[in-house]
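*Asks:* Sequence and predicted model, in that order:
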Amino acid sequence: MLHAADVREWRERDVVDAESHKIGVLEAVYVNTATDEPAMATVRTGLPTRHRLTFVPLDDAILGPDYVKVGYPKALVKQAPSIGTDDVLPAGQEEAIFKHYGLPYSPGAGGERQLARR
């Protein structure tokens, strides 16, 4: 299991899929606001002059010495919702990320966000 205390150490690690195909570089980790446990990561993808941050769930992720292996294929991650490198995830787009991966989405009782960047 991945622990929130280690989040700062994950930045700049390569993110790879189950077949060890490099997807990109880990930019940030988002935690579930209800549990404060790592839930999603943003992966810097694209050309050097056109980077974007693509979201990928961290369930079943494995930490290696210099990589984070996620349980989703590279092609699926590359098609996931993304934001610009200087952008912030709008609350209204959270559900689309979960839907893309077939995961349930449940905001807080008062409509609070499910994800928070760490």
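*Replies:* Arrived safely, thanks for sending.
*Asks:* Can you tell me the SS state at the residue most central in space within the chain?
*Replies:* Geometric centre of the chain, nearest residue: residue 41, 2.0 Å, by CA atoms, centre = their mean. Using DSSP: H, G, I helix; E, B strand; the rest coil, the structure places residue 41 in strand.
*Asks:* Now do it against residue 29, distance only.
*Replies:* Residue 41 sits 5 Å away from residue 29, taking CB to CB, to the nearest Å as the criterion. Using the backbone N, CA and C atoms, a C-beta is placed for each residue, glycine as well.
*Asks:* residues shared between the contacts of those two?
*Replies:* Between them, residue 41 and residue 29 share these contacting residues under CB atoms under 8 Å, 6 or more residues apart in numbering: 10, 58.
*Asks:* So which residues of the protein form strands?
*Replies:* Listed in chain order, the strands of the chain (DSSP state E) span 14-16, 22-32, 38-45, 52-57, 62-63, 67-69, 82-84, 115-117.
*Asks:* Could you check these and tell me which one is nearest residue 76?
*Replies:* Among the strands of the chain, strand 52-57 comes nearest to residue 76, with 8.6 Å by CB to CB.
*Asks:* which residues sit against that closest one?
*Replies:* Residues outside strand 52-57 that contact it (CB under 8 Å, 6+ apart): 15, 23-24, 27-28, 30, 39-46, 70-72, 77-78, 80-85, 87, 89, 97, 101, 103.
*Asks:* Count the neighbours of the nearest residue to residue 69 once chain neighbours are set aside for me.
*Replies:* Distances taken as CB to CB, 6 or more residues apart in numbering put residue 62 closest to residue 69, at 4.4 Å, once the chain neighbours are dropped. Residues near residue 62, counting by other CB atoms under 10 Å, number 13.
*Asks:* Please report how far residue 62 lies from residue 73.
*Replies:* According to CB to CB, residue 62 stands 15 Å off from residue 73.
*Asks:* Counting neighbours, what do you get for residue 87?
*Replies:* Number of residues near residue 87 (other CB under 10 Å) recorded here: 10.
*Asks:* List the residues that contact it.
*Replies:* Counting by CB under 8 Å, 6+ apart, residue 87 has contacts residue 53.
*Asks:* All set now, cheers.
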